[in-house]
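**Q** make a model of this:
(one chain, ligands or ions: 2)
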Amino acid sequence: MYRIVSAIFLAENIKKIEIEAPRIAKKRKAGQFVMLRNEANGERFPLTIADSDPEKGTITIIAQGAGKSTRELNRKEVGDTIADVVGPLGTPSHIENFGTAVSIGGGVGTAIAYPTAAALKQAGNYVITINGARNKDLVILEEEMKAVSDEAYITTDDGSYGFSGFVTQKLQELIDSGRKIDFVLAIGPIPMMKAVAEVTRPYNIRTMVSLNPIMIDGTGMCGGCRVTVDNQIKFACVDGPEFDAHLVDFKNLSDRNRIYLHEEKQSDEAFAHKCRLPQHT
Ligand code: NAD
Ligand code: FES
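**A** Ligands and ions are numbered 1, 2, ... in the order given. Okay, the predicted model is just below:
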């Protein structure tokens with residue numbers, strides 16, 4: 001059992017949860033994730049480790065309540081427990097001093113872009129961060145991103161805060177201004193990562209994305225997280241989750257992520273119904 005030591009909503013439906021997991025906190029590196037199970041017989045699901053405190057023995061995850069398991073997790077409070085937290089899993093982000101590195105977080109993907117931005121800064125890069133959200137209320141980790149950036153930009157789709165437009169428009173603006181960019185990391189919804197890949201491709205800027213396919217075991221055994229990269233089959237949980245954005249088959253990823261949409265919707269609706277019932281039923 002893994003105890004929750006702090007839990008706070010960063011935005012509507014997006015919760016930051018700090019969990020006691022000393023061995024994971026000691027070993028984890030930027031870009032790695034954990035597989036969680038809320039209850040003993042629950043569904044396994046992956047979440048990237050957003051931060052860790054090896055002294056305190058805790059890791060931090062940020063979850064968007066998007067389906068039954070993440071909604072269930074986001075109902076947990078300080079003192080509650082999580083049945084399983086397995087990790088750290090996945091290949092850590094490749095970090096080196098590239099020169100000027102741009103770390104782009106789209107929506108809740110910022111939770112994953114943040115630790116890698118911090119590691120890029122620590123490796124001596126000039127770090128530019130672009131943190132995009134649909135509107136001002138959905139911007140997360142603004143101060144944390146600023147603290148690891150030489151330049152930090154916020155974008156909102158509706159223009160309610162920062163630059164008005166998509167993260168890709170801000171990136172294009174930086175490129176058009178003549179800035180030399182050596183490395184881009186983009187994490188967020190699939191259409192965003194695909195769009196970033198198309199912005200950087202003509203300039204041959206090395207670009208990495210973190211993929212989020214359906215995962216079951218997280219250890220390379222089940223094949224659930226199969227993705228196509230450079231026309232080859234890769235398992236995101238062990239070969240990734242980060243891959244060269246210019247080689248990823250985003251359509252295949254998107255199609256595979258929709259396979260269980262019907263079942264996911266049914267499970268989510270049943271959970272919502274159960275939550276509306278009085279506690280004693
Ligand atoms: P969102 O839809 O609010 O988008 C966030 C930002 O991404 C937008 O503000 C915009 O700047 C940019 N964006 C979105 N679509 C774009 C497009 N077509 N072109 C250019 N830029 C675009 O994001 P959200 O609701 O927070 O994200 C939810 C999605 O992110 C879910 O589908 C979830 O599965 C996925 N996600 C992915 C990862 C990952 O590891 N890649 C991690 C967490 C969540
Ligand atoms: Fe099973 Fe990756 S989640 S192989």
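**Q** least trustworthy helix or strand in the protein by mean pLDDT?
**A** In the chain, the helix or strand scored least confidently by mean pLDDT, DSSP states H and E is helix 261-276, which has a mean of 69.
**Q** and the closest residue to ligand 1 within the stretch 1-150 of the chain, what does it touch?
**A** Using C-beta to the nearest ligand atom, the single residue of the stretch 1-150 of the chain nearest to ligand 1 is G107, 1.9 Å away. Every C-beta, even on glycine, is put in place using the N, C-alpha and C of the backbone. When contacts are counted by C-beta atoms under 8 Å, 6 or more residues apart in numbering, G107 touches 64, 132-134, 138, 188-189.
**Q** same check, this time on M208
**A** Applying C-beta under 8 Å, 6+ apart, the residues near M208 are 93-94, 183-186, 242-245.
**Q** A helix includes it, no?
**A** No - looking at M208 with DSSP: H, G, I helix; E, B strand; the rest coil, it is strand, so not inside a helix.
**Q** so what's it bridging to?
**A** Counting by DSSP bridges, M208 forms beta bridges with L185, D244.
**Q** likewise for F9?
**A** In beta-bridge terms (that is, DSSP bridges), F9 pairs with K15.
**Q** per-residue pLDDT of it, please?
**A** You'll see F9 listed with a pLDDT of 94.
**Q** again, but for E43
**A** Looking at E43, the pLDDT reads 89.
**Q** look up phi and psi at it.
**A** Dihedral angles of E43 (phi, psi; degrees, to the nearest 10) stand at phi -70, psi 140.
**Q** ok, for it, nearest residue in space, not its chain neighbours?
**A** S69 (4.9 Å; C-beta to C-beta, 6 or more residues apart in numbering).
**Q** surely the one you found is in a helix?
**A** Yes - the assignment for S69 (three-state DSSP) places it in a helix.
**Q** and it, what does it touch?
**A** Contacts for S69 were tallied using C-beta under 8 Å, 6+ apart; they are 36, 38, 42-43, 45.
**Q** which parts of the protein sit against ligand 2?
**A** 215-218, 220-225, 235, 237 (C-beta under 6 Å from any ligand atom).
**Q** list only buried entries from the residues you listed.
**A** Among the residues of the chain next to ligand 2, those scoring as buried are 215-216, 218, 224-225, 235, 237 (criterion: 16 or more other C-beta atoms under 10 Å).
**Q** which one (most neighbours) among the contacts of M208?
**A** Compared across the contacts of M208, A186 has the highest neighbour count, 29 neighbours, by other C-beta atoms under 10 Å.
**Q** tell me which helix or strand the closest residue to that one other than its chain neighbours sits in.
**A** Spatial nearest neighbour of A186, chain neighbours left out: V196 (3.9 Å); criterion: C-beta to C-beta, 6+ apart. Assigned by DSSP states H and E, V196 falls within helix 190-200.
**Q** just the CA atoms of that helix, as CSV, please.
**A** What follows is helix 190-200, C-alpha atoms only, in CSV (Å, rounded to 0.1, in the frame of the first residue of the first chain):
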residue,chain,number,x,y,z
ILE,A,190,-1.5,13.5,-30.1
PRO,A,191,-2.6,16.2,-32.6
MET,A,192,-0.3,18.7,-30.8
MET,A,193,2.7,16.4,-30.9
LYS,A,194,2.1,15.6,-34.6
ALA,A,195,1.7,19.4,-35.3
VAL,A,196,5.0,20.1,-33.4
ALA,A,197,6.7,17.4,-35.5
GLU,A,198,5.5,19.1,-38.7
VAL,A,199,6.8,22.6,-37.5
THR,A,200,10.3,21.3,-36.8
